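Trainee: What would the 3D arrangement of this be:
(one chain, ligands or ions: 1)
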Amino acid sequence: MSMNLQSLFALDRAGFAAVVVDAGGKAAHARALRRGVLRDGPSALSSIDTRGLRLPKKLVEELATRGYAAATSQLNAQAPSADGSTKLIVDLTDRKSVEAVVLPAERGGHAVCISSQVGCPVGCPFCASGIGGLVRNLAAHEIVEQVAHARAVADVRRIVVMGIGEPLLNFEPLLQALAILVEDGNFAERRIVISSVGFPDRVARLAASGRRYGLAISLHAVEDGLRERLVPLLRGVSVREVVEAARGWSVAIGGRVQFEYVVLRGVNDDLAVCDELARLLGGFDAYVNFIAWNPVPGLPFERPADARMDALVRRCRDLGLVATRRKTLGGDATAACGQLRRSLAAPTVRNLASEPVASMTSPESAPPPATGA
Ligand code: SF4
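Mentor: Numbering: from 1, shown residues only. Purely as a prediction, here's the structure:
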């Protein structure tokens with residue numbers, strides 16, 4: 001890994017095509033090269049199957065000479081779990097790391113849950129990922145490369161941007177990355193879900209983009225005071241404003257909104273929550289996923305009882321909501337947006353082997369966001 005390498009995914013399609021043309025190739029070669037890497041995973045350009053991809057060998061050599069690489073990040077470690085999920089630790093060029101999790105999907109193939117930032121600025125007190133705050137945003141290519149690394153490991157067909165970070169606070173790089181994944185990674189927009197705590201202006205921007213990605217909103221509370229405690233960066237933004245922003249997105253895109261609700265024993269697990277959810281979510285295409293909080297050492301919360309989880313789902317359904325209790329994958333760490341276990345500062349194969357794969361919610365365990373595409 002070199003600080004001077006440039007990723008094949010640093011530029012948008014037109015920008016990279018210009019690079020390839022300047023290096024003596026054609027625009028179609030740019031697409032073929034990126035498609036090959038996103039299909040098979042990154043490898044050294046010198047070992048790319050140029051014949052199979054119908055690429056001039058000289059072109060690929062020239063790109064390598066100019067400092068281009070299939071990925072500037074490196075897959076540091078994989079930690080498979082008994083349930084079939086695999087946590088990936090991806091090292092970035094500045095010695096930071098991000099996590100992605102490959103999950104078996106119930107409808108075949110796999111999904112990958114990717115991170116959008118190093119650390120997270122939102123600071124949810126029940127989440128390990130927010131403890132250190134935001135370190136930095138990921139660049140577009142660092143987002144794309146997580147998927148490329150995952151494709152080297154599994155047949156990935158869906159993407160959930162539900163790992164570490166608040167995706168909509170890294171808006172432009174995120175959308176640039178997702179556009180590359182749609183154009184060159186062969187992902188339909190409806191097979192990509194973005195999870196956010198729901199900054200209303202950013203949700204509106206997402207709607208205005210016209211992209212038909214799925215939207216998941218991490219709600220966690222129905223009462224403003226409690227939500228401000230649980231989602232501190234959105235202090236001053238009411239629950240109703242968040243829901244209305246999601247409703248606006250749903251109307252604009254014609255998509256179903258998935259509301260995530262991490263249940264904390266004695267904090268936000270009163271059954272009256274269901275009545276308020278029914279009032280808030282009435283009249284638009286939405287559903288609720290209840291996720292039992294899984295303990296993070298040192299954090300002052302408790303996991304709810306199974307019976308309470310079932311009661312919440314039942315009560316919501318009685319009130320006419322679509323509600324599920326979300327299955328988690330990956331052992332006993334935390335679940336939901338960014339609750340991948342806070343990775344050690346410098347993860348190694350050794351310490352990963354003794355650590356449960358961070359629990360991710362199975363993207364196939366709930367009704368898919370109906371983006372209608
Ligand atoms: S739950 Fe999500 S938004 Fe909250 S701190 Fe963790 S990663 Fe950030």
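Trainee: And for whichever residue of the stretch 101-250 of the chain sits closest to the ligand, the neighbour number?
Mentor: Nearest residue of the stretch 101-250 of the chain to the ligand: Gly130, at 2.7 Å (Cβ to the nearest ligand atom). To be clear about C-beta, it is placed using only N, CA and C from the backbone, and glycine gets the same treatment. By other Cβ atoms under 10 Å, 25 other residues sit near Gly130.
Trainee: Could you list the low-pLDDT ranges of this protein?
Mentor: Along the chain, segments meeting pLDDT under 70 span 1-3, 327-373.
Trainee: mind listing the helices for it?
Mentor: 13-22, 27-40, 57-65, 140-153, 171-185, 200-209, 224-230, 239-253, 272-281, 306-318, 349-353 (DSSP state H).
Trainee: Please give me every residue in contact with the residue of the stretch 101-250 of the chain closest to the ligand.
Mentor: 119-124, 338 (Cβ atoms under 8 Å, 6 or more residues apart in numbering).
Trainee: And Arg227, how far from Leu233?
Mentor: Shown here: Arg227 relative to Leu233, a distance of 11 Å by Cβ to Cβ, to the nearest Å.
Trainee: From the neighbour counts alone, determine which of these two ranks first.
Mentor: More neighbours surround Arg227 than the other of Arg227 and Leu233, with 22 against 18 (other Cβ under 10 Å).
Trainee: Look up the closest residue to the more buried one, ignoring the ones flanking it.
Mentor: Excluding its sequence neighbours, the residue lying closest to Arg227 (Cβ to Cβ, 6 or more residues apart in numbering) is Ala221, at 3.8 Å.
Trainee: List the contacts of that neighbour.
Mentor: 227, 229-231, 239, 268.
Trainee: Return the member of these nearest to Pro297.
Mentor: Leu230 (19.1 Å; Cβ to Cβ).
Trainee: wait, what's in contact with the most centrally placed residue in the chain?
Mentor: With distances taken as Cα atoms, centre = their mean, Val161 lies nearest the centre of the chain, 1.5 Å away. Contacts of Val161 were listed using Cβ under 8 Å, 6+ apart, and they are 113-114, 116, 143, 167, 174, 178, 192-195.
Trainee: got the contacts of Ala221 as CSV, with distance to the ligand columns?
Mentor: Listed next are the contacts of Ala221 as CSV, based on distance: Cβ to the nearest ligand atom, whole Å:
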residue, distance to the ligand
Arg227, 12
Arg229, 12
Leu230, 8
Val231, 7
Val239, 15
Asn268, 14
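Trainee: By neighbour count, which of those wins?
Mentor: Neighbour-wise, those (other Cβ under 10 Å) top out at Val231, 26 neighbours.
Trainee: From Glu276, how far out is that residue?
Mentor: 16 Å.
Trainee: coming back round to it: show me what the residue nearest to the centre of the chain is bridged to.
Mentor: Ile194 (DSSP bridges).
Trainee: Quickly note the distance from it to Pro167.
Mentor: Distance from Val161 to Pro167, by Cβ to Cβ: 5 Å.
Trainee: Need the overlap of contacts for these two.
Mentor: With Cβ under 8 Å, 6+ apart, Val161 and Pro167 have common neighbours 116, 174, 194-195.
Trainee: Thr93 reaches Leu5, doesn't it?
Mentor: Yes: taking Cβ atoms under 8 Å as the definition, Thr93 is a contact partner of Leu5 at 7.4 Å.
Trainee: overlap in contacts of those two?
Mentor: With Cβ under 8 Å, 6+ apart as the test, Thr93 and Leu5 both reach Thr72.
Trainee: Count the neighbours of Cys316 for me.
Mentor: Cys316 has 24 nearby residues by other Cβ under 10 Å.
Trainee: The closest residue to Leu219 other than its chain neighbours: how many residues sit nearby?
Mentor: Spatially, and ignoring its direct neighbours in sequence, Leu219 is nearest to Phe259 (4.8 Å; Cβ to Cβ, 6+ apart). For Phe259, the tally of surrounding residues (other Cβ under 10 Å) stands at 24.
Trainee: Tell me who's in contact with Phe259.
Mentor: Phe259 sits in contact with 216-217, 219, 246, 277, 281, 286-289, where contact means Cβ under 8 Å, 6+ apart.
Trainee: from the residues you listed, which two are the most distant?
Mentor: Longest distance between any two of the contacts of Phe259 is 15.1 Å, between Ala216 and Leu277; criterion Cβ to Cβ.
Trainee: mind listing what Arg303 touches?
Mentor: 265, 292-295.
Trainee: quick one: which of those residues is nearest the ligand?
Mentor: For those, the nearest to the ligand is Trp293 (10.4 Å; Cβ to the nearest ligand atom).
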